[in-house]
Structure formats: structure tokens, C-alpha cells
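**Student:** just the structure for this:
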Amino acid sequence: MTTPQPFTVAFIGTGVMGASMAGHVMDAGYPLVVFNRTKSRAEALIERGARWADSAGEAASLADVVITMVGYPADVEDVYLSEGGIIERARDGALLIDMTTSSPELAARVAEAAEWADLSSLDAPVSGGDVGAKNATLTIMVGGGEAAFERAEPLFHVMGTNVVLQGGPGAGQHTKMANQIAIAGSMLATVESIAYAQRAGLDPRRVLDSITAGSAASWSLANLAPRILDGDFAPGFFVKHFVKDMRIACDSAEAMGLDLPGLATAKRLYEYLEANGGATLGTQALWLLYADESARAAAGVASDATTRAAREV
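**Tutor:** Prediction:
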């Protein structure tokens, strides 16, 4: 039996991934305080013994370590920097860990505000999707100071298996952008590979048996291609959140004077999918831009003259 730890953790954001991550924190024996904008999504944790807080600021006032896993940079800014928010109400010396995928620039601003308040902070976005969150096998990319990282490391290993300090404030978010750029290209390649196999009259499952064992192997091909073939477009990671990530990556690349045409192509395709009914589907729903009309209709994605407009890049 795990011995309870001497400090309390507040977990803010108990959605698709956050609920599993918070559950692992509880399993490790940490007393837990939770807040989520929709309380029903935290009920399972509350039933297990987590304490409910009525706001992010209140949750922060009750904990020694605060972890956030919210949706968008605007949400991060709100929960940390608004009046009555985390930084204003956090306990003296608290450690703040934002695990949302957000802007590197915002991560640096949060870190600066935390330092002024004599708090420690880390930006620690994750990769691995719903499967990694459920299995506690997330990759965690961390930005911040060495001392704060060492303090947080036991908690990180409760939620993930690959934990790396990448540099100072914002470095975790920059690493996550590199990750999302790689995924964007991989997802585009995955759906086009399946489309090609089908058009050639091949059994795409047999094709996967071959190519997932060779040099084309990727996480997307191994984990999301089977979901595509099963017609499973449930979200492990929402299209709308992936679009958000790609926009951040494009903005960051532009600020550095870097042209990334592959990323721009994937972003335009996903933006088209988001605008035509796919916002709350999983990222594997990119396939629906290549599927027949009946498949798109079944998934609730609008169909026009196939998707020529989306592919005009």
C-alpha cells in the first residue's frame, strides 16, 4: 500500500486526460483537491475522496502543488493571472505546474508572475493522448528551474514514464510544439496511406500489418489507423484542441522567421474539418476528408464537392 504523501495537490481541469491524470495522483496517495468548470466531470474523483473547490483560486489556496490541465491559452491566462486566480491565492511557496499545451510566451509570463509572488512554476505539456493518460505512460516535456523540476519529478512519474527537463520557462511548450508538428505530418501521412491502399484495392488491415513493422512505423499508424478502419472517431485528443496547437506552432515559427509548409498544410485541412462538424472528434477524424460521403455523414461531418477546397494549399 502506498504511503500518503505529506502535501496536498490541487488538480484543475478534469476532462478527457485530466481526470485520468488526477486519478493517478490519488492512487499514489496524495490528498487531492479538484476544480473543473463542469463539476460533473469531476464527480468520479469526488466520489473517491477528492475535495471539491468552487474555483481555481480556491483550489490553489488549499494545496501545496497546483496542477492545471485546461483547454486553451486563454483558459491558462484566466486561471493563473486573473483576479482571484491561482497566483493571487496560492499558498506561500506553492509549486504551480501547467500541463496544458499552451503558448511558450504565455508560459514565460506565468513564470514571471509566479516568481514575483515567491512561487515556483513549471510548464509541463504532455503527449500520449487518452491512452497515455489512462495508462500513466505520458511523455512530459518540462520548462522551468532545476529546483522546481526536482520537487515535481515524483509527481510527474506518477503520470508519465518519459519526463525530461528541456530548459527554462517556455521550453516545455516549445518542445510540445515540435511534438505537434511531427504529429501533424504523421497524421496526414497516415490517412493518405490508408486512402492509397484502399484505392489500390488492397486490404488496409493487411497493409498495416506490413508497414507498421517497417521504417514507416509511427504512433499514429499503430494506434490511430486501426481506429480509422473501425470507424471509431471518438476523441483521444479533440480536433479543436489540435487546431489550437497547430496555430500556436505556426505563430511561434513565424515569430522565429521559420517557414513550415507541411505544418501549414495539415493546419488548413484540420481547420476545414473543424469548421464542418469535426471539432469534437478525435484527430484520426482527418480521415473523413478522404472517406466517402456515407462515412462523413455517419460521423456528422459536412460534405461538399468532396474536399477540394480543403486541399487547395
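**Student:** from what I can see Ser56 touches Val33, true?
**Tutor:** Not quite, residue 56 is Ala, not Ser. No. Ala56 is beyond contact range of Val33, at 10.4 Å (criterion: CB atoms under 8 Å). From N, CA and C alone the C-beta is placed, and that goes for glycine too.
**Student:** show me which of these two is the more surrounded one.
**Tutor:** Ala56 (26 against 22; other CB atoms under 10 Å).
**Student:** how about the contacts made by that one?
**Tutor:** Listed by CB atoms under 8 Å, 6 or more residues apart in numbering, the contact partners of Ala56 are Ile12, Phe35, Thr68, Val79, Gly85, Ile86.
**Student:** gap between Gly214 and Ser193?
**Tutor:** Here Gly214 is placed at a distance of 12 Å from Ser193 (CB to CB, to the nearest Å).
**Student:** with Met21 instead?
**Tutor:** Distance, Met21 to Ser193, by CB to CB: 32 Å.
**Student:** swap in Ser215?
**Tutor:** 13 Å.
**Student:** returning to what we had before: which one of Gly214 and Ser193 has more residues nearby?
**Tutor:** Using other CB under 10 Å, the more surrounded residue of Gly214 and Ser193 is Ser193, with 18 against 7.
**Student:** helix or strand: which one has that one?
**Tutor:** Counting by DSSP states H and E, the secondary-structure element that holds Ser193 is helix 171-199.
**Student:** which secondary structure elements does the helix or strand just after that helix sit against?
**Tutor:** Next in sequence after helix 171-199, counting helices and strands by DSSP H and E, comes helix 204-211. Counting by 3 or more CB pairs under 8 Å, 6 or more residues apart in numbering; DSSP states H and E, the packing neighbours recorded for helix 204-211 are helix 171-199, helix 225-229.
**Student:** let's have the ones you listed in JSON lines, adding mean pLDDT and distance to Asp259.
**Tutor:** Supplementary listing: these in JSON lines, determined by pLDDT from 0 to 100; distance: least, CB to CB, whole Å:
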{"stretch": "helix 171-199", "mean pLDDT": "96", "distance to Asp259": "12"}
{"stretch": "helix 225-229", "mean pLDDT": "96", "distance to Asp259": "29"}
